[in-house]
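> mind looking at a prediction? Sequence and model below.
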Amino acid sequence: MPIFERNLLNMKVHFIAIGGSAMHNLALALKHKGYQVTGSDDIIYEPSKGRLKAQGLLPESFGWYPEKIDNNLDAVILGMHAKADNPELLKAQELGLPIYSYPEFLFEQSKHKTRVVIGGSHGKTTITSMILHVLNYHDIEVDYMVGAQLDGFERMVHLTDENDFMVLEGDEYLSSPIDRRPKFHLYKANIALLSGIAWDHINVFPTYENYLEQFQIFVNSIVEGGSLTYNEEDPEVKKVVEASENTIRKLPYQTPEYFVEDGVTYLQTNEGPMPIEIFGKHNLNNLAGAKWICQNMGVDESDFYEAIASFKGASKRMEKIGASNTSVAFKDFAHSPSKVAATTKALKEQFPKKRLLACLELHTYSSLNAEFLNEYKGALDAADKAVVFYSPEAIKIKRLEKVTAQQIADAFQRDDLHVFTEPEVFQDFIFGENFEHTALLLMSSGNYGGLDFNQIHELLM
């Protein structure tokens, strides 16, 4: 009998690297479902640490303990943070235990459901969040996995036996240290969406052609008779979709009509202009994709609009962190060239009369790679004042070639670009600025070497 069809109260699952953002949410979801869950990790940060502790899942001590692995386990789930020579993994392999990557396990949990998979180099977290917001607004129960914490949701992963749909954010990064397939290849979507393609993760996909191939495989992995909703405004997406011979329905979408007035974005609908909380062309494009997916799941257009009007965005995506009578500040997860350009343009369009001060921290492997830097050409052009922060120490840790401030200025092709490498100097710069009639944008997947975002609101007052 497959392990997923046994009595859940007797199911024993062990997580190797339980502290990751996705992994700890899956652990919480399985405990909520009735599994017996254990886990290990060599270090766990907040908020994962506190959330695991609250549910009695925090390991008693950090480290790897092969003695935790025995034949009483029904499954082992392996996270990307672990290494291929992890002692617990080696013990599980020695005992012949079922070992699953995160996406493999999610597929097993959803293989009898209709799987809705949202893929793309950018926008997938926001689109998945929009879909879940709309479904939640209308009390439509679904299983899900999303990459950001959402208002009204306890966890980023929810699993049941009874729900008909499973909504999955389809990440193109690798599945596990021993499974080098991108995650979204494993979900075998029934209903899929492809938002955009822009080269990323160059430590794994060293050429653009190799990266592009992963999306071709994703499109071809959609089950026969399924559907693909795709952004026809993205030329690479359009090319990949039209070239596919997979027997699926291909449903294009594009950015809907909208306008901005007095700092508010209005979406044009059949019932007239509707004010919405989010802004920026890229987010309106995301909204169009989410609408078609919701309609494929049985939500009619008017019900979609009613719900989406109150969507404020996914965590860390264009999140307002401060405001005054004349100024406003946002932080955003943007780090890839296409995301940086779209986010910067969106803020300038929303507040055209304010001076836009856009700050970007180069933090990821790709963004700190000397060869990849040229992809950022023009990414900050919409800003009135542009700043880049990076840590030479982070470059050493990632074992990359040294990057100079001049290389960065040359890559962005802005003679007036401000480049900082020391957190204290960057913070002195920020706190020394005059923010009257200014929109501040802080883009990063890090924290600028320790910047306290809570102080930004006070800074603007």
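That came in fine, so what should we check first?
> now the helices: where do they sit in this protein?
For the chain, applying DSSP state H gives helices covering 21-33, 48-54, 87-95, 102-110, 124-137, 208-221, 235-243, 281-296, 301-308, 337-350, 392-397, 405-412, 423-431, 454-460.
> where's the closest residue to Ala370 other than its chain neighbours relative to His201, distance?
Spatial nearest neighbour of Ala370, excluding adjacent residues (Cβ to Cβ, 6 or more residues apart in numbering): Glu401 at 5.0 Å. Where C-beta positions appear, they are placed from N, C-alpha and C, glycine not excepted. Using Cβ to Cβ, to the nearest Å, we find Glu401 at a distance of 18 Å from His201.
> then Val13?
Remark: distance between Val13 and His201 (Cβ to Cβ) = 28 Å.
> so between these two, which is more surrounded?
Val13 (22 against 19; other Cβ atoms under 10 Å).
> how about low-confidence regions in the chain?
1-10, 365, 398, 461 (pLDDT under 70).
> export only the CA atoms of stretch 393-409, formatted as PDB.
Output of stretch 393-409 as PDB, limited to C-alpha atoms (Å, rounded to 0.1, in the frame of the first residue of the first chain):
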ATOM      1  CA  GLU A 393      32.300  39.800   1.700                       C
ATOM      2  CA  ALA A 394      29.300  38.200   0.100                       C
ATOM      3  CA  ILE A 395      31.300  37.900  -3.100                       C
ATOM      4  CA  LYS A 396      34.000  36.100  -1.200                       C
ATOM      5  CA  ILE A 397      31.500  33.700   0.500                       C
ATOM      6  CA  LYS A 398      30.000  32.900  -2.900                       C
ATOM      7  CA  ARG A 399      33.600  32.400  -4.300                       C
ATOM      8  CA  LEU A 400      33.000  34.700  -7.100                       C
ATOM      9  CA  GLU A 401      35.400  37.000  -9.000                       C
ATOM     10  CA  LYS A 402      35.900  40.400  -7.400                       C
ATOM     11  CA  VAL A 403      33.500  43.100  -8.600                       C
ATOM     12  CA  THR A 404      34.400  46.800  -8.600                       C
ATOM     13  CA  ALA A 405      32.200  49.800  -8.200                       C
ATOM     14  CA  GLN A 406      33.200  50.900 -11.600                       C
ATOM     15  CA  GLN A 407      32.100  47.600 -13.200                       C
ATOM     16  CA  ILE A 408      28.700  48.100 -11.600                       C
ATOM     17  CA  ALA A 409      28.400  51.700 -12.800                       C
END
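> in that stretch, what's buried?
Residues of stretch 393-409 classed as buried: Ala394, Ile395, Leu400, Val403, Ile408, Ala409 (neighbour count, 16 or more other Cβ atoms under 10 Å).
> try stretch 102-120
Residues of stretch 102-120 classed as buried by neighbour count (16+ other Cβ under 10 Å): 102-110, 113-120.
> each with direction, which strands does the lengthiest strand in the chain pair with?
When the chain is parsed with DSSP state E, its longest strand is strand 355-362. Paired with strand 355-362 in the same sheet, following DSSP bridges, are strand 385-390 (parallel), strand 438-443 (parallel).
> and of the ones you listed, who's closest to Asn246?
strand 438-443 (35.7 Å; Cβ to Cβ).
> so Arg355 touches Thr438, yeah?
Yes - between Arg355 and Thr438 there is a contact under Cβ atoms under 8 Å: 4.8 Å.
> one step back: and the residue nearest to Ala370, what does it touch?
Glu401 sits next to Asn369, Ala370, Ile395 when contact means Cβ atoms under 8 Å, 6 or more residues apart in numbering.
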